[in-house]
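A.B. asks: my questions are about this predicted structure, shown below with the sequence.
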Amino acid sequence: MDASQRIDEIRQTLNRYSYEYYVLDQPTVPDATYDQLLRELTELETEHPELITPDSPTQRVGAAPLEAFEKVTHDLPMLSLGNVFDETEIREWVARIERSLGRSTTYVAELKFDGLAISLKYEDGRFVRGATRGDGTVGENITQNLRTIKALPLRLQAEETVEVRGEAYMPKQSFERLNEDRASREETLFANPRNAAAGSLRQLDSSITASRNLSLFVYGVGVNTLTARSHSEAMAQLASLGLPTNQHMQTCETVEEILAYIAHWTEARASLPYEIDGIVLKVDRYDDQEELGFTAKSPRFATAYKFAAEEVMTTVEDVDFSV
Ligand SMILES: CC(C)(CNC(=O)c1ccc(Oc2ccccc2)cc1)c1ccc2c(N)nc(N)nc2n1
């Protein structure tokens with residue numbers, strides 16, 4: 001086997017290990033095995049620099065820091081979600097949809113991740129660009145920073161061209177550890193994981209982003225070459241391509257099932273390793289989504305149920321009032 005074949009073989013193996021570890025949370029090999037292969041790949045690429053490609057696992061932490069972020073216009077706008085706040089409004093939302101369609105339909109209920117909305121562009125299966133939501137039409141190009149997120153595949157399992165929407169977030173444990181480090185260096189603390197994720201992705205130096213243990217869930221597709229006829233089918237296709245989808249997504253046939261899902265996660269969200277600030281409800285079938293269409297800035301086929309904001313109880317402990 002020549003160097004080029006061995007390099008391709010190691011890259012595919014390391015991409016599979018990353019998917020198992022960061023997306024499925026079910027590693028099949030110990031870290032030492034991953035590290036050994038990464039060392040071998042780095043040596044081979046050092047001997048053959050002409051074989052280095054952007055999708056190599058060795059290229060995750062970018063080049064020199066940027067001067068500024070360039071602006072990016074999304075191929076499709078990144079829309080915002082209307083809100084519903086209680087059971088009555090949820091029942092009204094479902095009734096309005098089924099009146100408009102003139103029949104019942106099926107829904108998908110998803111967790112609403114409390115991070116930074118992003119758009120990922122893949123061409124022929126390779127990650128080529130990532131951007132913040134911005135104002136929904138124009139965002140900032142943060143490709144170099146997003147490449148450092150290990151749950152983000154630099155190469156898909158098939159050569160699809162697709163623009164994907166998702167949320168970059170900081171797991172609760174990484175947030176706690178980051179603030180402990182900052183407190184020990186007497187630096188200002190981040191107020192919550194969302195601010196910490198946003199601050200980490202707005203770094204011009206991607207090596208700082210790489211140190212922040214960010215992760216990612218994808219929750220929608222923009223322009224794409226997929227064959228999916230529904231949102232749930234599209235998400236299954238994204239998962240099979242190696243993109244991180246959330247395991248708690250659930251199809252619902254009735255408003256009762258939607259309400260049960262919301263009741264469950266209202267209680268169970270404290271047990272999640274990441275913060276969520278609500279539940280997103282979507283009509284599943286794309287033909288029904290198209291029939292329902294959009295208002296000026298958000299889809300009629302989706303809405304967000306927001307959890308009541310938690311009172312932030314600041315324990316006033318050993319505050320030195322004497323100063
Ligand atoms: C539903 C959508 C708004 C994404 N969808 C879009 O952005 C979108 C964009 C153009 C679309 O089609 C158009 C095509 C041409 C013109 C206008 C729209 C359709 C959907 C959304 C927004 C935020 C979400 C969130 N925080 N968590 C989860 N779990 N899901 C979410 N889903």
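C.D. replies: Yep, that arrived. Numbering: from 1, shown residues only.
A.B. asks: so what's residue 61 closest to, chain neighbours aside?
C.D. replies: residue 210 (4.7 Å; CB to CB, 6 or more residues apart in numbering). Glycine gets a C-beta too; all of them are placed from N, C-alpha and C.
A.B. asks: model confidence over stretch 20-36, on average?
C.D. replies: The average pLDDT within stretch 20-36 is 90.
A.B. asks: likewise for stretch 254-265?
C.D. replies: 98.
A.B. asks: what sits up against that stretch?
C.D. replies: 87, 90-91, 94, 107, 109, 111, 248, 250, 252, 276, 279, 281, 305 (CB atoms under 8 Å, 6 or more residues apart in numbering).
A.B. asks: what's next to the helix or strand bottoming out on mean pLDDT in the chain, contact-wise?
C.D. replies: Counting by mean pLDDT, DSSP states H and E, the chain has its least confident helix or strand at strand 215-224, which shows a mean of 89. Strand 215-224 is contacted from outside by 22, 74-76, 78, 110, 113, 118-120, 146, 149-152, 160-171, 228, 231, 234-235, 238, 243-246, 274, 280, using CB under 8 Å, 6+ apart.
A.B. asks: now do stretch 1-9
C.D. replies: 41, 44, 45, 47, 48, 51, 56.
A.B. asks: state the phi and psi torsions of residue 2.
C.D. replies: phi -90, psi 170 (degrees, to the nearest 10).
A.B. asks: quick one: pLDDT of it?
C.D. replies: Residue 2 is given a pLDDT of 93.
A.B. asks: I'd like to know how far it sits from residue 36.
C.D. replies: 21 Å (CB to CB, to the nearest Å).
A.B. asks: looking at the two, which one has more neighbours?
C.D. replies: Taking other CB atoms under 10 Å, residue 2 and residue 36 do not tie; residue 36 has more neighbours (12 against 7).
A.B. asks: counting contacts, what elements does the helix or strand containing that one pack onto?
C.D. replies: Following DSSP states H and E, one finds residue 36 within helix 31-47. The helices and strands touching helix 31-47, judged by 3 or more CB pairs under 8 Å, 6 or more residues apart in numbering; DSSP states H and E, are helix 3-18.
A.B. asks: now the angle from the helix it packs on to helix 31-47?
C.D. replies: 150 degrees (axes from the mean of the first three to the mean of the last three CA atoms, to 10 degrees).
A.B. asks: now the strands for the stretch 51-200 of the chain?
C.D. replies: Per DSSP state E, counting those that start in this stretch, the stretch 51-200 of the chain carries strands over the ranges 71-73, 82-84, 107-113, 116-123, 126-132, 138-140, 162-169.
A.B. asks: on that earlier part again, restrict the contacts of strand 215-224 to those near the ligand?
C.D. replies: For the ligand, the contacts drawn from the contacts of strand 215-224 by CB under 6 Å from any ligand atom are 76, 78, 110, 113, 165, 167, 280.
A.B. asks: let me have these in JSON lines, adding neighbour count as columns.
C.D. replies: Formatted as JSON lines, these follow (neighbours: other CB atoms under 10 Å):
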{"residue": "76", "neighbour count": "14"}
{"residue": "78", "neighbour count": "20"}
{"residue": "110", "neighbour count": "26"}
{"residue": "113", "neighbour count": "26"}
{"residue": "165", "neighbour count": "18"}
{"residue": "167", "neighbour count": "23"}
{"residue": "280", "neighbour count": "19"}
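A.B. asks: can you redo those residues as a markdown table with pLDDT and distance to residue 189?
C.D. replies: Formatted as a markdown table, those follow (pLDDT from 0 to 100; distance: CB to CB, whole Å):
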| residue | pLDDT | distance to residue 189 |
| --- | --- | --- |
| 76 | 89 | 37 |
| 78 | 93 | 29 |
| 110 | 98 | 30 |
| 113 | 97 | 21 |
| 165 | 96 | 30 |
| 167 | 98 | 22 |
| 280 | 98 | 29 |
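A.B. asks: hmm, which two among these are most spread apart?
C.D. replies: 76 and 113 (20.0 Å; CB to CB).
A.B. asks: now the end-to-end length of stretch 289-304.
C.D. replies: 16 Å (CA to CA, to the nearest Å).
A.B. asks: sketch out the low-pLDDT regions of the stretch 201-323 of the chain for me.
C.D. replies: Low-confidence segments of the stretch 201-323 of the chain (pLDDT under 70): 311-323.
A.B. asks: so which residues of this protein form helices?
C.D. replies: Taking DSSP state H, the helices of the chain run over residues 3-18, 31-47, 87-101, 143-146, 172-184, 193-201, 206-210, 231-241, 255-268, 286-292.
A.B. asks: point out the most buried one among the ones you listed.
C.D. replies: Mean neighbours per residue, mean count of other CB atoms under 10 Å, is largest over the helices of the chain for helix 143-146, with a mean of 25.
A.B. asks: and it, what does it pack against?
C.D. replies: strand 126-132, helix 193-201, helix 206-210.
A.B. asks: max pairwise distance over the contacts of stretch 1-9: which two?
C.D. replies: Longest span within the contacts of stretch 1-9, CB to CB: 47 and 56, 13.9 Å.
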